[in-house]
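Participant: curious how this folds, go ahead:
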Amino acid sequence: MTFYPTDRLALFIDGANLYSAAKGLGFDIDYRKLLEEFRTRGVLVRAYYYTALVEDQEYSPIRPLVDWLDYNGFRLVTKPAREYTDAQGRKRWRGDMDVEIAVDMLEMAGHADHLVLFSGDGDFRCLVEAVQRKGARVTVVSTVKSQPPMASDDLRRQADHFIDLSDLADIIGRPSRLPRFIQESRTGADREADAEA
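Facilitator: Okay, the predicted model is just below:
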């Protein structure tokens, strides 16, 4: 068993990474159910959600989700997204939250027994190792069942436990709003705007 009822738990959700992993598996995350599930696995001390926001937009499709999370038990960590132009000349947005996640996990390692990282980003392997040296256990939640797989093999090996997001789909998921063939034909930004609206 990887979770104990007396574990002080802290969740660290890389919003963009979790969104992509769930989309790759064909479902949306129900964040109320996610909190409920992890409250049954231990004593939930904190649930962080990290995302970059596009500023100066009249309407941001992620704003309703961010507002809901902020009022329903999540500690929101945001920063402005940066605009860039991709190789095809399309306007894109970037907002890497890795440093914020790393700082918060290292700080919480002394206040929680078990940290749950919702990201498959291999850059977090050293972070997981550092948190483990401080005495906390780390579970990584991502997926290897999407195409391409979202979870880095190095990160999975470093973690004390790995949960494939597909195994949580029936517990914390809800069906995607668009049929899969439509989802696959849309760009990532279009899909994120629809799902987080």
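
Participant: and stretch 84-103, how far from the chain's centre?
Facilitator: Centroid displacement of stretch 84-103 relative to its chain, using CA atoms, centre = their mean, to the nearest Å, is 16 Å.

Participant: pull up the distance across it, start to finish.
Facilitator: Length of stretch 84-103, first residue to last, CA to CA, to the nearest Å: 26 Å.

Participant: can you list contacts of that stretch?
Facilitator: 12, 14-16, 48, 50-54, 77, 79-83, 117, 119, 121, 123-124, 127, 189 (CB atoms under 8 Å, 6 or more residues apart in numbering). The C-beta positions use only the backbone N, C-alpha and C, and glycine is treated the same way.

Participant: mind listing what's buried in it?
Facilitator: Judged by neighbour count (16 or more other CB atoms under 10 Å), stretch 84-103 contains these buried residues: 95-97, 100-102.

Participant: which of these lies closest to R39?
Facilitator: I101 (21.4 Å; CB to CB).

Participant: and the pLDDT at that closest one?
Facilitator: Note for I101: predicted pLDDT of 98.

Participant: what does T40 give?
Facilitator: pLDDT at T40 comes out at 97.

Participant: could you do E192 as well?
Facilitator: For E192, pLDDT reads 47.

Participant: what separates the residue lying farthest from the centre of the chain from G95, distance-wise?
Facilitator: The C-alpha centroid of the chain is most remote from G89, which lies 28.4 Å away (CA atoms, centre = their mean). Between G89 and G95 the computed distance is 21 Å (CB to CB, to the nearest Å).

Participant: I'd like to know how many residues surround D153.
Facilitator: Neighbour count of D153, defined by other CB atoms under 10 Å: 12.

Participant: which helix or strand contains the residue farthest from the centre of the chain?
Facilitator: In this structure, G89 sits in neither a helix nor a strand according to DSSP states H and E.

Participant: cool, E36 as well?
Facilitator: helix 31-39.

Participant: can I get the buried residues of stretch 84-103 in TSV including secondary structure and distance to R156?
Facilitator: Shown next, in TSV, are the buried residues of stretch 84-103 (DSSP: H, G, I helix; E, B strand; the rest coil; distance: CB to CB, whole Å):
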residue	secondary structure	distance to R156
G95	coil	25
D96	coil	21
M97	coil	20
E100	helix	22
I101	helix	17
A102	helix	18
